[in-house]
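>>> Sequence and computational prediction follow.
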Protein chains: 2
Amino acid sequence: MSASKRDELVQKALGVFYRNGFHAAGMDLLAAETGVSKTSMYKHFRTKEELILAVLRLRDEQFRNWLYRRMDEIGDSPAEKLLGMFDAMGEWFAEKGYRGCMFIKASAEYQDRDDPIHAQSAEHKRLLFNHMRDLAQDAGASEPEKLARQLLLLKEGAIVTAHLGHTDDPASDAKMAASAILKVSGVK
Amino acid sequence: MSASKRDELVQKALGVFYRNGFHAAGMDLLAAETGVSKTSMYKHFRTKEELILAVLRLRDEQFRNWLYRRMDEIGDSPAEKLLGMFDAMGEWFAEKGYRGCMFIKASAEYQDRDDPIHAQSAEHKRLLFNHMRDLAQDAGASEPEKLARQLLLLKEGAIVTAHLGHTDDPASDAKMAASAILKVSGVK
DNA sequence: CCCAACATGAACAGATCGGTTAATGTTTTC
DNA sequence: GAAAACATTAACCGATCTGTTCATGTTGGG
């Protein structure tokens, strides 16, 4: 039971869940798509919930690493990095196979706030908020927390709209709206 | 098979789906909660999908009627009505049992863009957009479509965050952000 | 009052759900 | 090279899934 084998299963399960949804993807399908028997699956993960939680942990790590890096690359100043989030979103939306945010989906299928899957999805959003708040502070915002919350509202809205809305360019709309918000937030 | 009986089933099924999710609520549960036998259920709706589509139609009608009315009551001018949307959102979020937007949930469980359930959810968002665009035009916005899209980004973001985020007041954040956007949109 | 039309419940399909068991490889270790 | 440890497979478990069948009410019209 190598650790990397488990990681590989989680990685592949992530794709299966993302494409099919959590309830719709059964353990039989997951085992088949990862090229492993169901028994092996249950050697690595005691329950389906445990597998889902592992998938969400990996997704959180992958997504935040990618996003923070892109924001850093795109913007020089803190304010530019904040706006850069929306450019990064645009890149993500343009990927083929884009189907929205895994955590929003998870919270839609596991709605109870004290469900571990819901709680872990909320934690991901909280970590994103912390990062945005720190950047907003560095950017000199008069109310960094409020600014961070507002920019994240635009981000979540764009994520949903990119999957559910007409096919325009929500990332660009969000970025222009963000600029307007930055202007009234004491950020130069 | 009175028409009102069918409506009553759809009405009750709406609540069951909203609380449990679409995959998680089976036809047995739906029949039990509507106080009707499964056979009767299938007399009124040929498949589960047909029931879901009927539920979404009802929800669309209920939600838009309610929202448009509240926006009208809250604001006198078109610009005030636009901002009033966020007050209405705040009222909705505060309802006990709030679990997010039914159409976002539906699109999360039925992801394919050509799935009828996904398509109907998208249609709801499109109708909302039309209304907002008309109001934005009446309000004198320089680019009414863009303004409508941006305000709706804030709305979708707030809806998601009210369910998944920390428990602050996303409707109020969204409203203040919307004010900033209105200012740069040629709306007095 | 009788018969047709409709509504109902219970039982049943066949498939799939999450999860387990027991028997069979395949390594690793001494 | 034998024995212990680990991985894998296929078959199975009871529950639940969407959807159907059939036998029994129940109701309204002539």
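Received the coordinates, thanks.
>>> going forward, measure contacts between C-alpha atoms and count neighbours the same way
Fine.
>>> Distance of A:Val16 relative to chain B?
Taken as C-alpha to the nearest C-alpha, to the nearest Å, the spacing of A:Val16 relative to chain B amounts to 13 Å.
>>> Which element, helix or strand, includes that residue?
helix A:3-20 (DSSP states H and E).
>>> Can you report how many residues neighbour the closest residue to A:Gly165 other than its chain neighbours?
On the basis of C-alpha to C-alpha, 6 or more residues apart in numbering or on different chains, the spatially nearest residue to A:Gly165 that is not a chain neighbour turns out to be B:Ala122, at 5.8 Å. Counted with other C-alpha atoms under 10 Å in any protein chain shown, residues neighbouring B:Ala122 total 21.
>>> show me what contacts A:Glu49?
Counting by C-alpha atoms under 8 Å, 6 or more residues apart in numbering or on different chains, A:Glu49 makes contact with A:Ile117.
>>> Apply 6 Å and report the result again.
By C-alpha atoms under 6 Å, 6 or more residues apart in numbering or on different chains, A:Glu49 lies in contact with nothing.
>>> quick one: the strand or helix carrying it near DNA strand C?
Under the criterion DSSP H and E, the helix or strand holding A:Glu49 is helix A:48-74. Yes: Helix A:48-74 comes into contact with DNA strand C when judged by C-alpha under 7 Å from any atom of the strand, the residues involved being A:Lys48, A:Glu49.
>>> The helix or strand following that helix: which residues count as buried?
Taking DSSP H and E as the definition, the helix or strand that follows helix A:48-74 towards the C-terminus is helix A:78-94. With burial defined by 16 or more other C-alpha atoms under 10 Å in any protein chain shown, the residues of helix A:78-94 counted as buried are A:78-90, A:92-93.
>>> Also stretch A:106-114?
Residues A:Ala106, A:Ser107, A:Ala108, A:Glu109, A:Tyr110, A:Gln111, A:Asp112, A:Arg113 are the ones in stretch A:106-114 that count as buried (16+ other C-alpha under 10 Å).
>>> Using the three-state scheme, assign the last one.
If I follow you right, that is A:Arg113. Using DSSP: H, G, I helix; E, B strand; the rest coil as the criterion, the local structure at A:Arg113 reads coil.
>>> need the contact list for it.
Taking C-alpha under 6 Å, 6+ apart as the contact definition, A:Arg113 lies against nothing.
>>> Ramachandran angles for the residue in chain A sticking out farthest from the centre?
No residue in chain A sits farther from the centre than A:Thr39, which is 30.2 Å out by C-alpha atoms, centre = their mean. Main-chain torsions, A:Thr39, degrees, to the nearest 10: phi -60, psi -40.
>>> Could you list the residues of chain A in contact with DNA strand C?
For chain A, the residues found near DNA strand C under the criterion C-alpha under 7 Å from any atom of the strand are A:23-29, A:38-39, A:42, A:46-49.
>>> and those, which are buried?
Buried members of those, counted by 16+ other C-alpha under 10 Å: A:His23, A:Met27.
>>> pLDDT, distance to A:Ala136 and secondary structure for the residues of chain A next to DNA strand C - can I get that in a markdown table?
A markdown table is the format used below for the residues of chain A next to DNA strand C (pLDDT from 0 to 100; distance: C-alpha to C-alpha, whole Å; DSSP: H, G, I helix; E, B strand; the rest coil):
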| residue | pLDDT | distance to A:Ala136 | secondary structure |
| --- | --- | --- | --- |
| A:His23 | 96 | 38 | coil |
| A:Ala24 | 95 | 39 | coil |
| A:Ala25 | 95 | 39 | coil |
| A:Gly26 | 93 | 42 | coil |
| A:Met27 | 93 | 43 | helix |
| A:Asp28 | 91 | 46 | helix |
| A:Leu29 | 92 | 44 | helix |
| A:Lys38 | 89 | 47 | helix |
| A:Thr39 | 90 | 48 | helix |
| A:Tyr42 | 91 | 44 | helix |
| A:Arg46 | 91 | 41 | coil |
| A:Thr47 | 93 | 40 | coil |
| A:Lys48 | 95 | 38 | helix |
| A:Glu49 | 95 | 36 | helix |
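>>> ok, so of the residues of chain A next to DNA strand C, who is nearest DNA strand D?
Distance ranking of the residues of chain A next to DNA strand C against DNA strand D, using C-alpha to the nearest atom of the strand, places A:Thr39 first at 3.8 Å.
>>> Thanks a lot, catch you later.
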